[in-house]
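>>> sequence? don't have it. structure:
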């Protein structure tokens with residue numbers, strides 16, 4: 001099957017665009033040369049890089065992100081991290097929430113701190129590079145998904161003239177509490193899409209009820225089929241099916257399902273055929 005080309009004129013949800021946003025999320029894990037080479041091949045003439053190193057005992061060594069721009073599209077991608085590097089942090093019930101963007105609700109302290117280290121430069125870069133009416137997109141996998149959701153939300157809440165056209169996240173953890181999630185869901189209706197792959201452990205963290213998810217979920221079942229909605233009981237049965245499919249795999253299903261290449265494979269499986 002021939003894969004769809006990246007459409008720089010996209011302004012709304014589509015599965016092909018989700019596929020390209022997942023690939024853009026993956027770019028954030030490359031070095032500068034790798035990001036710039038891919039961005040150029042995809043038709044983006046400008047790339048800016050952002051990195052901030054954190055002091056211990058913060059569990060994340062650094063925050064890395066990039067912005068790439070063409071004459072029709074500006075995309076910001078945030079780097080994710082390995083499950084084992086953030087698992088203890090995400091399961092720590094003593095991590096305090098702090099005020100969210102524009103003081104709307106509350107957000108997990110760790111995500112706030114990681115984003116704050118690069119957000120001012122990203123905001124200024126988007127404002128500088130948006131010379132016309134380019135669409136604005138945010139994307140990220142794992143921790144990067146949380147930062148993408150927060151960055152897009154903060155951009156609009158603090159700069160109302162800059163409403164992102166879309167936020168796509170893959171394996172995003174719970175990022176905020178219900179007040180901020182509600183404000184986000186109202187502002188980003190039909191603009192934010194949170195992809196979850198079957199038993200991926202990260203979207204199940206941090207624990208409820210303090211933290212919750214934003215809308216709208218897109219769920220890949222244990223066979224890789226994409227669902228716009230998944231009822232509770234059907235979802236539980238499907239997760240059991242996913243766990244039992246390969247009991248002797250070297251990784252648990254919950255960790256295996258979190259890897260970005262598995263999200264990309266599921267997206268490719270669901271793309272409309274073009275040949």
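That came in fine, so what should we check first? Please read these numbers as outputs of a predicted model, since none were measured by experiment.
>>> Residue 178 - nearest residue in space that isn't next to it in sequence?
residue 212 (5.4 Å; C-beta to C-beta, 6 or more residues apart in numbering). Quick note: C-beta positions are derived from backbone N, CA and C, even for glycine.
>>> where do the helices sit along the stretch 1-150 of the chain?
Assigned by DSSP state H, counting those that start in this stretch, the helices in the stretch 1-150 of the chain fall at 15-27, 32-41, 83-90, 109-116, 119-129, 143-158.
>>> Which one of those helices lies nearest to residue 98?
Comparing the helices of the stretch 1-150 of the chain against residue 98 with C-beta to C-beta, the closest turns out to be helix 109-116 (5.0 Å).
>>> can you list contacts of that closest one?
54, 58-60, 63, 89, 95-98, 100, 143, 146-147, 150-151, 154, 175 (C-beta atoms under 8 Å, 6 or more residues apart in numbering).
>>> tell me, which of the helices of the stretch 1-150 of the chain is the model least confident about?
If the helices of the stretch 1-150 of the chain are sorted by mean pLDDT, helix 83-90 sits at the bottom with a mean of 81.
>>> Which positions within that one qualify as buried?
83, 86, 89-90 (16 or more other C-beta atoms under 10 Å).
>>> Tell me how many other residues crowd residue 66.
By other C-beta atoms under 10 Å, 26 other residues sit near residue 66.
>>> what's residue 93 in contact with, if anything?
Counted by C-beta under 8 Å, 6+ apart, residue 93 has contacts 206-207, 210.
>>> Just the buried ones among those, please.
Neighbour-count burial within these applies to 206, 210; the criterion is 16+ other C-beta under 10 Å.
>>> Can you list which of the contacts of residue 93 are found in helices?
If you go by DSSP state H, the contacts of residue 93 have nothing in helices.
>>> least confident pick among the contacts of residue 93?
Sorting these by pLDDT puts residue 207 at the bottom of the list (87).
>>> From residue 201, how far off is it?
12 Å (C-beta to C-beta, to the nearest Å).
>>> got the residue ranges for the strands in the protein?
In the chain, the strands defined using DSSP state E lie at 46-53, 62-69, 73-78, 97-99, 106-108, 135-141, 166-170, 192-197, 217-220, 226-227.
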